[in-house]
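J.: A structural model of the following input is requested.
(one chain, ligands or ions: 1)
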Amino acid sequence: MSLQRTLSILAVSLGFVSACADEGPTAPASTPAVAQIVSPLTRTYFIAADEVIWDYAPSGINQIFNRPFEGEELVFTARGDDRIGTAYKKAMYREYTDASFTTLKAIPPEWAHLGMMGPLIRAVVDDTLKIVLKNNLPFAVSLHPHGFFYLKDSEGTPYDDGTSGGDKKDDAVPPGGTHTYTWVALERSGPGPADGSTAFWMYHSHVDEVVDVYTGLAGPIIITARAAAREDGSSKDFDREIITNFEVFDENSSHFLDYNIATFTGKPQKVRLDDEEFVESNLMHAINGYVYGNLPLDAMVLTKGEKVRWYLMGMGTEVDLHTAHWHGMTVLHRGARTDVVELLPASMVMVDLEPDNVGTWLFHCHVADHIAAGMVVRFQVVP
Ligand SMILES: [Cu+2]
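T.: Here you go, the predicted structure:
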(Lines give C-alpha, C1' and ligand atoms only; values in the text may rest on other atoms or scores of the structure.)
Protein backbone atom coordinates (compact mmCIF):
# COMPACT_ATOMS: atom_id res chain seq x y z
CA MET A 1 0.00 0.00 0.00
CA SER A 2 1.41 3.39 -1.01
CA LEU A 3 2.09 6.13 1.52
CA GLN A 4 -0.45 8.31 -0.28
CA ARG A 5 -3.12 5.65 0.14
CA THR A 6 -2.12 5.17 3.78
CA LEU A 7 -2.46 8.88 4.44
CA SER A 8 -5.82 9.01 2.71
CA ILE A 9 -7.11 6.18 4.84
CA LEU A 10 -5.72 7.85 7.92
CA ALA A 11 -7.39 11.12 7.05
CA VAL A 12 -10.74 9.43 6.52
CA SER A 13 -10.51 7.13 9.53
CA LEU A 14 -9.82 10.12 11.73
CA GLY A 15 -12.80 12.03 10.40
CA PHE A 16 -10.84 14.67 8.51
CA VAL A 17 -12.26 15.90 5.21
CA SER A 18 -14.01 12.92 3.68
CA ALA A 19 -13.44 14.54 0.29
CA CYS A 20 -9.88 13.24 0.59
CA ALA A 21 -11.06 9.74 -0.29
CA ASP A 22 -12.79 11.03 -3.41
CA GLU A 23 -9.60 12.49 -4.77
CA GLY A 24 -8.36 9.00 -5.53
CA PRO A 25 -4.86 7.60 -5.42
CA THR A 26 -3.46 10.29 -7.71
CA ALA A 27 -4.08 13.14 -5.26
CA PRO A 28 -0.85 15.05 -4.61
CA ALA A 29 0.95 14.24 -1.35
CA SER A 30 0.81 17.90 -0.45
CA THR A 31 -2.99 17.95 -0.16
CA PRO A 32 -3.45 20.42 2.72
CA ALA A 33 -6.00 18.26 4.56
CA VAL A 34 -3.49 15.41 4.65
CA ALA A 35 -0.53 17.58 5.58
CA GLN A 36 -2.31 18.69 8.72
CA ILE A 37 -2.51 15.12 9.96
CA VAL A 38 0.83 13.62 9.05
CA SER A 39 3.81 15.83 8.45
CA PRO A 40 6.02 15.08 5.44
CA LEU A 41 8.79 14.02 7.81
CA THR A 42 9.66 10.42 7.03
CA ARG A 43 12.37 8.62 8.97
CA THR A 44 13.84 5.49 7.42
CA TYR A 45 15.58 2.75 9.38
CA PHE A 46 17.48 -0.17 7.88
CA ILE A 47 17.31 -3.01 10.38
CA ALA A 48 18.48 -6.57 9.87
CA ALA A 49 17.75 -9.59 12.02
CA ASP A 50 21.23 -11.06 12.44
CA GLU A 51 22.85 -14.06 14.11
CA VAL A 52 25.24 -13.15 16.91
CA ILE A 53 27.14 -14.98 19.61
CA TRP A 54 26.04 -13.22 22.79
CA ASP A 55 27.86 -13.63 26.09
CA TYR A 56 25.75 -12.73 29.14
CA ALA A 57 28.97 -12.41 31.18
CA PRO A 58 31.75 -11.47 28.77
CA SER A 59 34.23 -10.69 31.56
CA GLY A 60 33.90 -14.25 32.86
CA ILE A 61 33.57 -13.06 36.46
CA ASN A 62 31.04 -11.59 38.88
CA GLN A 63 31.66 -7.88 38.28
CA ILE A 64 29.54 -6.82 41.25
CA PHE A 65 32.10 -8.30 43.63
CA ASN A 66 35.06 -8.43 41.24
CA ARG A 67 35.71 -12.13 41.82
CA PRO A 68 35.20 -15.46 40.03
CA PHE A 69 31.73 -16.97 40.01
CA GLU A 70 30.99 -19.16 43.03
CA GLY A 71 28.18 -21.15 44.67
CA GLU A 72 24.73 -20.74 43.11
CA GLU A 73 26.15 -18.37 40.48
CA LEU A 74 27.78 -21.40 38.84
CA VAL A 75 24.32 -22.88 38.13
CA PHE A 76 23.86 -20.21 35.44
CA THR A 77 27.43 -19.48 34.38
CA ALA A 78 29.49 -22.69 34.43
CA ARG A 79 30.26 -24.43 31.18
CA GLY A 80 30.59 -28.21 31.22
CA ASP A 81 29.98 -31.54 29.55
CA ASP A 82 26.23 -30.88 29.64
CA ARG A 83 26.21 -27.16 30.38
CA ILE A 84 26.25 -24.34 27.78
CA GLY A 85 27.75 -21.60 30.00
CA THR A 86 27.18 -17.88 29.37
CA ALA A 87 27.71 -17.61 25.59
CA TYR A 88 24.81 -18.50 23.30
CA LYS A 89 24.03 -18.01 19.65
CA LYS A 90 21.18 -15.52 19.53
CA ALA A 91 19.31 -13.29 17.10
CA MET A 92 19.52 -9.51 17.29
CA TYR A 93 18.01 -6.61 15.40
CA ARG A 94 20.90 -4.45 14.20
CA GLU A 95 20.82 -1.13 12.38
CA TYR A 96 22.66 -0.66 9.06
CA THR A 97 23.59 2.53 7.22
CA ASP A 98 21.60 1.88 4.03
CA ALA A 99 19.61 -0.57 1.93
CA SER A 100 22.73 -2.51 0.94
CA PHE A 101 22.91 -3.84 4.52
CA THR A 102 26.70 -4.04 4.27
CA THR A 103 27.76 -1.54 6.97
CA LEU A 104 26.52 -1.64 10.54
CA LYS A 105 25.57 1.80 11.85
CA ALA A 106 27.90 2.80 14.67
CA ILE A 107 26.25 2.66 18.10
CA PRO A 108 26.75 6.05 19.79
CA PRO A 109 28.33 5.86 23.28
CA GLU A 110 25.11 6.99 24.99
CA TRP A 111 23.36 3.88 23.67
CA ALA A 112 26.14 1.35 24.33
CA HIS A 113 24.17 0.20 27.37
CA LEU A 114 21.35 -1.22 25.20
CA GLY A 115 23.33 -4.45 25.01
CA MET A 116 21.24 -7.20 23.46
CA MET A 117 18.31 -4.92 22.64
CA GLY A 118 17.71 -3.85 19.06
CA PRO A 119 18.43 -0.26 18.01
CA LEU A 120 16.38 2.59 19.42
CA ILE A 121 13.64 3.60 16.99
CA ARG A 122 12.66 7.23 17.42
CA ALA A 123 9.77 9.21 16.06
CA VAL A 124 8.10 12.55 16.65
CA VAL A 125 4.31 12.76 16.69
CA ASP A 126 3.13 13.12 13.07
CA ASP A 127 6.19 11.37 11.64
CA THR A 128 5.96 8.39 9.35
CA LEU A 129 8.54 5.66 9.78
CA LYS A 130 9.76 3.34 7.05
CA ILE A 131 11.47 0.35 8.61
CA VAL A 132 13.26 -1.81 6.07
CA LEU A 133 13.68 -5.25 7.68
CA LYS A 134 16.16 -7.70 6.19
CA ASN A 135 16.06 -11.23 7.52
CA ASN A 136 19.53 -12.77 7.78
CA LEU A 137 18.31 -15.64 9.95
CA PRO A 138 17.47 -19.25 9.01
CA PHE A 139 13.87 -18.82 10.21
CA ALA A 140 11.09 -16.34 9.42
CA VAL A 141 10.89 -13.16 11.51
CA SER A 142 8.86 -9.96 11.61
CA LEU A 143 8.64 -6.53 13.22
CA HIS A 144 5.61 -5.84 15.39
CA PRO A 145 5.46 -2.39 17.00
CA HIS A 146 3.59 -1.16 20.05
CA GLY A 147 2.05 2.33 20.00
CA PHE A 148 2.28 3.26 16.33
CA PHE A 149 -0.62 3.35 13.88
CA TYR A 150 -0.13 0.59 11.31
CA LEU A 151 -2.18 -0.98 8.58
CA LYS A 152 -2.37 -4.70 7.92
CA ASP A 153 0.75 -4.64 5.74
CA SER A 154 2.83 -3.45 8.69
CA GLU A 155 1.55 -5.30 11.77
CA GLY A 156 4.16 -8.06 11.60
CA THR A 157 1.97 -10.85 12.95
CA PRO A 158 0.51 -13.91 11.18
CA TYR A 159 -3.03 -14.82 12.19
CA ASP A 160 -6.42 -15.29 10.57
CA ASP A 161 -7.39 -11.64 10.18
CA GLY A 162 -9.24 -11.91 6.89
CA THR A 163 -6.45 -10.29 4.86
CA SER A 164 -4.55 -11.60 1.86
CA GLY A 165 -1.93 -10.72 -0.74
CA GLY A 166 0.27 -7.74 0.10
CA ASP A 167 -1.29 -7.44 3.52
CA LYS A 168 0.32 -10.78 4.44
CA LYS A 169 3.89 -9.97 3.33
CA ASP A 170 4.75 -8.38 6.69
CA ASP A 171 3.54 -11.39 8.72
CA ALA A 172 6.63 -13.55 8.38
CA VAL A 173 9.63 -12.36 6.38
CA PRO A 174 11.35 -15.52 5.12
CA PRO A 175 15.10 -16.19 5.42
CA GLY A 176 16.88 -13.84 3.02
CA GLY A 177 13.73 -11.75 2.54
CA THR A 178 13.08 -8.05 3.03
CA HIS A 179 9.94 -6.12 3.96
CA THR A 180 9.34 -2.41 4.50
CA TYR A 181 7.03 -1.60 7.40
CA THR A 182 5.18 1.72 7.52
CA TRP A 183 4.40 2.98 11.01
CA VAL A 184 2.76 6.33 11.73
CA ALA A 185 3.18 8.25 14.97
CA LEU A 186 -0.31 9.58 15.59
CA GLU A 187 -1.24 11.80 18.51
CA ARG A 188 -2.31 8.63 20.35
CA SER A 189 1.18 7.17 19.78
CA GLY A 190 2.79 10.08 21.57
CA PRO A 191 2.85 11.09 25.22
CA GLY A 192 -0.43 11.27 27.12
CA PRO A 193 -1.34 13.91 29.70
CA ALA A 194 0.66 12.23 32.50
CA ASP A 195 3.68 11.30 30.38
CA GLY A 196 5.60 14.53 29.92
CA SER A 197 7.12 14.94 26.47
CA THR A 198 7.91 11.35 25.46
CA ALA A 199 6.13 8.01 25.25
CA PHE A 200 7.86 4.63 25.53
CA TRP A 201 7.04 1.59 23.43
CA MET A 202 8.74 -1.52 22.14
CA TYR A 203 8.98 -3.62 19.00
CA HIS A 204 9.61 -7.33 18.63
CA SER A 205 9.31 -10.24 16.26
CA HIS A 206 5.88 -11.84 16.31
CA VAL A 207 6.05 -14.84 13.94
CA ASP A 208 6.61 -17.35 16.75
CA GLU A 209 6.39 -14.63 19.39
CA VAL A 210 7.58 -16.55 22.44
CA VAL A 211 10.51 -18.25 20.74
CA ASP A 212 11.45 -15.16 18.68
CA VAL A 213 11.68 -12.91 21.73
CA TYR A 214 13.61 -15.44 23.83
CA THR A 215 16.02 -15.73 20.92
CA GLY A 216 16.65 -11.99 21.27
CA LEU A 217 14.40 -10.11 18.83
CA ALA A 218 13.10 -7.04 20.67
CA GLY A 219 13.96 -3.37 20.93
CA PRO A 220 12.81 0.04 22.21
CA ILE A 221 10.76 2.87 20.69
CA ILE A 222 10.56 6.47 21.95
CA ILE A 223 7.98 8.88 20.51
CA THR A 224 8.38 12.58 21.32
CA ALA A 225 5.76 15.32 21.36
CA ARG A 226 6.34 17.62 18.38
CA ALA A 227 6.48 20.78 20.49
CA ALA A 228 9.34 19.36 22.57
CA ALA A 229 11.32 17.63 19.82
CA ARG A 230 14.88 18.27 18.76
CA GLU A 231 15.90 17.70 15.15
CA ASP A 232 17.02 14.14 15.94
CA GLY A 233 13.65 13.32 17.48
CA SER A 234 14.77 13.44 21.11
CA SER A 235 13.05 15.65 23.69
CA LYS A 236 14.56 18.98 24.77
CA ASP A 237 13.36 18.18 28.29
CA PHE A 238 16.02 15.54 28.90
CA ASP A 239 19.82 15.65 28.91
CA ARG A 240 20.20 11.88 29.11
CA GLU A 241 18.06 8.84 28.42
CA ILE A 242 18.61 5.28 29.64
CA ILE A 243 16.66 2.19 28.55
CA THR A 244 16.72 -1.08 30.48
CA ASN A 245 15.02 -4.42 29.77
CA PHE A 246 14.46 -6.94 32.58
CA GLU A 247 14.03 -10.44 31.20
CA VAL A 248 14.75 -14.02 32.20
CA PHE A 249 15.85 -15.33 28.82
CA ASP A 250 14.72 -18.95 28.57
CA GLU A 251 17.44 -20.32 26.32
CA ASN A 252 15.65 -23.69 26.40
CA SER A 253 13.04 -22.01 24.18
CA SER A 254 15.50 -20.42 21.74
CA HIS A 255 15.48 -21.09 18.00
CA PHE A 256 19.18 -21.95 18.49
CA LEU A 257 18.96 -24.45 21.39
CA ASP A 258 20.22 -27.38 19.29
CA TYR A 259 23.09 -25.30 17.92
CA ASN A 260 24.02 -24.07 21.39
CA ILE A 261 24.09 -27.58 22.82
CA ALA A 262 26.14 -28.90 19.90
CA THR A 263 28.58 -25.98 19.99
CA PHE A 264 29.05 -24.96 23.60
CA THR A 265 28.65 -28.10 25.73
CA GLY A 266 31.61 -30.44 26.21
CA LYS A 267 29.66 -33.63 25.48
CA PRO A 268 26.42 -32.84 23.60
CA GLN A 269 25.36 -36.48 23.71
CA LYS A 270 25.26 -36.23 27.52
CA VAL A 271 22.64 -33.44 27.49
CA ARG A 272 19.15 -34.44 28.57
CA LEU A 273 16.53 -31.82 27.67
CA ASP A 274 14.29 -32.97 30.54
CA ASP A 275 17.08 -32.61 33.12
CA GLU A 276 15.73 -29.92 35.48
CA GLU A 277 19.22 -28.72 36.33
CA PHE A 278 20.07 -28.32 32.65
CA VAL A 279 16.85 -26.36 32.11
CA GLU A 280 17.61 -24.13 35.10
CA SER A 281 21.14 -23.48 33.84
CA ASN A 282 19.69 -21.90 30.69
CA LEU A 283 17.50 -19.33 32.45
CA MET A 284 19.54 -16.16 32.04
CA HIS A 285 18.32 -13.46 34.45
CA ALA A 286 19.47 -10.47 32.50
CA ILE A 287 19.31 -6.69 32.38
CA ASN A 288 19.91 -5.69 28.75
CA GLY A 289 21.38 -9.12 28.19
CA TYR A 290 23.92 -9.00 31.03
CA VAL A 291 24.15 -10.95 34.29
CA TYR A 292 26.16 -10.40 37.49
CA GLY A 293 27.21 -6.83 36.71
CA ASN A 294 28.63 -7.53 33.27
CA LEU A 295 26.94 -4.53 31.69
CA PRO A 296 30.07 -2.38 31.15
CA LEU A 297 30.42 0.14 33.98
CA ASP A 298 31.21 2.95 31.56
CA ALA A 299 28.02 2.34 29.55
CA MET A 300 25.55 3.90 32.00
CA VAL A 301 27.15 7.15 33.16
CA LEU A 302 24.98 10.02 34.39
CA THR A 303 26.13 13.54 35.23
CA LYS A 304 25.16 15.06 38.56
CA GLY A 305 22.26 17.48 38.18
CA GLU A 306 21.26 16.58 34.63
CA LYS A 307 17.70 15.71 33.72
CA VAL A 308 17.45 11.97 33.10
CA ARG A 309 14.51 10.03 31.75
CA TRP A 310 14.92 6.31 32.45
CA TYR A 311 12.79 3.89 30.44
CA LEU A 312 12.15 0.34 31.70
CA MET A 313 10.60 -2.67 30.06
CA GLY A 314 10.07 -6.30 30.96
CA MET A 315 9.63 -9.34 28.75
CA GLY A 316 9.17 -13.06 29.29
CA THR A 317 6.72 -15.20 31.24
CA GLU A 318 5.31 -15.61 34.74
CA VAL A 319 8.74 -15.64 36.37
CA ASP A 320 9.23 -12.19 34.89
CA LEU A 321 7.80 -10.13 37.71
CA HIS A 322 10.57 -7.68 38.42
CA THR A 323 11.09 -4.79 40.79
CA ALA A 324 13.76 -2.46 39.43
CA HIS A 325 15.63 -0.67 42.21
CA TRP A 326 18.10 2.20 42.10
CA HIS A 327 20.70 2.69 44.80
CA GLY A 328 21.86 6.23 45.60
CA MET A 329 18.85 8.13 44.28
CA THR A 330 15.12 8.42 44.05
CA VAL A 331 12.94 8.73 40.96
CA LEU A 332 9.59 10.22 40.05
CA HIS A 333 7.15 7.68 38.63
CA ARG A 334 3.96 9.27 37.34
CA GLY A 335 4.36 12.04 39.87
CA ALA A 336 5.04 9.75 42.84
CA ARG A 337 8.43 9.47 44.56
CA THR A 338 9.98 6.01 44.78
CA ASP A 339 13.17 4.07 44.19
CA VAL A 340 11.51 0.82 43.02
CA VAL A 341 9.21 0.26 40.03
CA GLU A 342 7.33 -2.91 39.11
CA LEU A 343 7.67 -4.59 35.72
CA LEU A 344 5.73 -7.43 34.14
CA PRO A 345 6.15 -8.96 30.66
CA ALA A 346 5.69 -6.18 28.08
CA SER A 347 5.54 -3.47 30.75
CA MET A 348 6.70 -0.11 29.43
CA VAL A 349 7.52 2.35 32.21
CA MET A 350 9.18 5.77 32.40
CA VAL A 351 10.70 7.52 35.41
CA ASP A 352 12.48 10.84 35.79
CA LEU A 353 15.45 11.63 37.99
CA GLU A 354 18.11 14.22 38.63
CA PRO A 355 21.13 12.39 40.02
CA ASP A 356 22.53 14.23 43.05
CA ASN A 357 24.87 11.62 44.44
CA VAL A 358 28.25 11.05 42.80
CA GLY A 359 29.48 7.47 42.82
CA THR A 360 29.12 3.93 41.49
CA TRP A 361 25.70 2.51 42.28
CA LEU A 362 23.78 -0.74 42.06
CA PHE A 363 20.73 -1.06 39.82
CA HIS A 364 19.04 -4.40 40.29
CA CYS A 365 15.89 -6.46 40.43
CA HIS A 366 14.65 -6.67 44.03
CA VAL A 367 13.08 -10.13 43.67
CA ALA A 368 15.19 -12.37 45.95
CA ASP A 369 15.53 -15.25 43.50
CA HIS A 370 16.52 -12.84 40.73
CA ILE A 371 19.24 -11.13 42.77
CA ALA A 372 20.84 -14.52 43.38
CA ALA A 373 20.54 -15.37 39.67
CA GLY A 374 22.47 -12.26 38.64
CA MET A 375 19.90 -9.58 37.71
CA VAL A 376 22.22 -6.87 38.96
CA VAL A 377 24.21 -4.18 37.14
CA ARG A 378 25.89 -0.90 38.09
CA PHE A 379 25.74 2.67 36.86
CA GLN A 380 27.79 5.75 37.64
CA VAL A 381 27.04 9.33 38.58
CA VAL A 382 29.92 11.67 37.79
CA PRO A 383 30.38 15.36 38.83
CU1 LIG B 1 13.41 -9.77 38.64
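J.: Could you use CA atoms for every contact and neighbour count after this?
T.: Will do.
J.: in a helix, that's where residue 305 is, yeah?
T.: No - under the criterion used here (DSSP: H, G, I helix; E, B strand; the rest coil), residue 305 is coil, not part of a helix.
J.: Most proximal residue of the protein with respect to the ion?
T.: Residue nearest to the ion within the chain: residue 322 (3.5 Å; C-alpha to the ion).
J.: So the nearest residue to that residue once chain neighbours are set aside versus residue 328, what's the distance?
T.: Leaving aside its sequence neighbours, residue 322 sits nearest to residue 343 (C-alpha to C-alpha, 6 or more residues apart in numbering; 5.0 Å). The gap separating residue 343 from residue 328 is 20 Å, by C-alpha to C-alpha, to the nearest Å.
J.: Of those two, give the one with the bigger neighbour count.
T.: Ranked by neighbour count (other C-alpha atoms under 10 Å), residue 343 and residue 328 place residue 343 first, with 22 against 17.
J.: That one touches residue 314, doesn't it?
T.: Yes - between residue 343 and residue 314 there is a contact at 5.6 Å, judged by C-alpha atoms under 8 Å.
J.: Need the overlap of contacts for those two.
T.: Common contact partners of residue 343 and residue 314 (C-alpha atoms under 8 Å, 6 or more residues apart in numbering): 246, 320, 322.
J.: burial of the first one, as a residue count?
T.: This means residue 246. 29.
J.: so which strand or helix has it?
T.: strand 240-250 (DSSP states H and E).
J.: Which elements pack onto that strand?
T.: When contacts are defined as 3 or more C-alpha pairs under 8 Å, 6 or more residues apart in numbering; DSSP states H and E, strand 240-250 packs onto helix 209-215, strand 283-287, strand 308-315.
J.: Quick one: closest of the ones you listed to residue 56.
T.: Nearest to residue 56 among these is strand 283-287 (7.5 Å), distances taken as C-alpha to C-alpha.
J.: Report the angle between the closest one and strand 308-315.
T.: Interaxial angle, strand 283-287 versus strand 308-315 (axes from the mean of the first three to the mean of the last three C-alpha atoms, to 10 degrees): 160 degrees.
J.: hang on, the earlier thing: check the residue nearest to residue 322 and give its pLDDT.
T.: For residue 343, the pLDDT comes out at 98.
J.: again, but for residue 231
T.: 88.
J.: if we can go back for a sec, how far away is the residue nearest to residue 322 from residue 255?
T.: 25 Å.
J.: out of the shared contacts of residue 343 and residue 314, who's nearest residue 303?
T.: Nearest to residue 303 among the shared contacts of residue 343 and residue 314, with distances taken as C-alpha to C-alpha, is residue 246, at 23.7 Å.
J.: Surely that closest one and residue 311 touch.
T.: No - under the criterion of C-alpha under 8 Å, residue 246 is not in contact with residue 311, lying 11.2 Å apart.
J.: quick one on the thing from earlier: just the helices and strands packed on strand 240-250: most buried one?
T.: Mean neighbour count, computed with mean count of other C-alpha atoms under 10 Å, is highest for strand 283-287 among those, reaching a mean of 26.
J.: That strand and the ion in contact?
T.: No - counting by C-alpha under 5 Å from the ion, no contacts exist between strand 283-287 and the ion, the nearest distance being 7.4 Å.
J.: same question for that strand, mean pLDDT?
T.: Mean per-residue pLDDT for strand 283-287: 98.
J.: same deal with stretch 123-142?
T.: Stretch 123-142 comes out at a mean pLDDT of 97.
J.: Surely residue 381 is within a helix?
T.: No - counting by three-state DSSP, residue 381 is located in no helix; its state is strand.
J.: Number of residues surrounding it?
T.: Residue 381, neighbours per other C-alpha under 10 Å, totals 18.
J.: ok, it touching residue 353?
T.: No - contact between residue 381 and residue 353 fails when scored by C-alpha under 8 Å: they sit 11.8 Å apart.
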